[in-house]
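Colleague: Sequence plus predicted model, see below.
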Amino acid sequence: ADEKRLEGKKVLVTAGGTVERIDPVRYLTNDSSGKMGFAVAEEARRMGAEVTLVVAKVSTAVPAGMNIVRVESTMDMMDAVLARLPETDIVIKAAAPADYRPTERSEQKIKKKDEALTLQLVKNPDILQAVGERKTSGQFVVGFAAETQNLEAFAMDKLKRKNCDLLVANDVTAEGAGFGTDTNAVRIYDKDGLVEAPPLMSKAQVAQRLLTIVAERLTRKEGT
Ligand code: PMT
């Protein structure tokens, strides 16, 4: 029964980088390949969960055997996640949503003209924070954090601010960790501090470690 520890659970995973359109042919995005989120989604399915995968821009094949919801922008991802939140037991936010979007989206292709072009951006809503605010006592929320400095301090701040049960921090400057790679080096935190700091391993193995902790804690939460 160890294998199917998430049987009967509904898991929502986000993956990929969101896309913010500037004009009909140009956009802002980031280097997320979707690999980390896909690994988590596949492992959750293997553990018996019913998985919904909210996918933004990715550069690798979307896994089979789960509900796929395609989104483009951070606002789209927010709508998709919040609409499904009431029936979700576990939310895992491995996506890299753009923090800003162009204030205006040009209907026509922007013409080359002056030497300098200024693009004005406006802040996007924070999906994880919105989830954290709505979280019920039975729901379990895992955030990710991509940092280039002060990993622990920034991770703990995000965990508390966004009301997560667990936060997976990756130093995206470390060799073999973060965006695009098949491996990751993470540190997993809860509100009391460091839970686990596994060595560099495949994203599939990171997903396995993470979901083992989630399953244990969910069982404890339910008191079964
Ligand atoms: O996709 P890969 O190539 O495999 O790369 C994996 C990864 C590096 C993208 C992944 O491991 C990761 O760290 N994902 C989180 C990236 C990120 O957006 O980090 P952040 O520190 O900016 O955001 C913190 C958390 O808030 C994240 O869970 C993020 O999904 C969430 N967030 C951020 C901004 C926003 N507007 N809404 C959000 O919900």
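Modeller: Cool, the structure landed.
Colleague: any idea whether residue 118 is helix, strand or coil?
Modeller: What DSSP: H, G, I helix; E, B strand; the rest coil gives for residue 118 is coil.
Colleague: where does this structure have low pLDDT?
Modeller: Residue ranges of the chain with pLDDT under 70: 1-2, 224.
Colleague: Please list the residues outside the longest strand out of those in it that contact it.
Modeller: In the chain, with assignment by DSSP state E, the single longest strand is strand 140-147. With Cβ atoms under 8 Å, 6 or more residues apart in numbering as the test, strand 140-147 has contacts from 36, 89-94, 96, 128, 131-132, 135, 151, 154-155, 158-159, 162-172, 178-179, 210, 214, 217-218, 221. The way it works is simple: take the backbone N, C-alpha and C, and place the C-beta from them, glycine included.
Colleague: List only buried entries from these.
Modeller: Among the contacts of strand 140-147, those scoring as buried are 36, 89-94, 96, 128, 131-132, 135, 151, 154-155, 158-159, 162-172, 178-179, 210, 214, 218 (criterion: 16 or more other Cβ atoms under 10 Å).
Colleague: Please identify the pairing partners of the longest strand of the chain and their relative orientation?
Modeller: Applying DSSP bridges, strand 140-147 is found paired with strand 90-93 (parallel), strand 166-171 (parallel).
Colleague: Please name whichever of those strands is nearest to the ligand.
Modeller: Nearest of these to the ligand, taken as Cβ to the nearest ligand atom: strand 90-93 at 3.6 Å.
Colleague: ok so, going back, how far does the longest strand of the chain sit from its chain's centre?
Modeller: With Cα atoms, centre = their mean, to the nearest Å as the basis, strand 140-147 stands 7 Å off its chain's centre.
Colleague: Please see if it touches the ligand.
Modeller: Yes. Strand 140-147 reaches the ligand (Cβ under 6 Å from any ligand atom) through 143-146.
Colleague: what's the farthest-apart pair in the residues you listed?
Modeller: Farthest-apart pair in the residues of strand 140-147 next to the ligand is 143 and 146; separation 10.7 Å (Cβ to Cβ).
Colleague: Neighbour count for the two, which is higher?
Modeller: Set residue 143 next to residue 146 and count neighbours by other Cβ atoms under 10 Å: residue 143 wins out with 26 against 20.
Colleague: how near is the residue nearest the centre of the chain to residue 47?
Modeller: Here the mean C-alpha position of the chain is nearest to the C-alpha of residue 94 (Cα atoms, centre = their mean), at a distance of 2.0 Å. With distances taken as Cβ to Cβ, to the nearest Å, residue 94 is found 16 Å from residue 47.
Colleague: tell me which parts of this protein are close to the ligand?
Modeller: Going by Cβ under 6 Å from any ligand atom, the residues of the chain near the ligand are 32-36, 74, 93-97, 99, 124, 126-128, 143-146, 158, 170, 172, 178-180.
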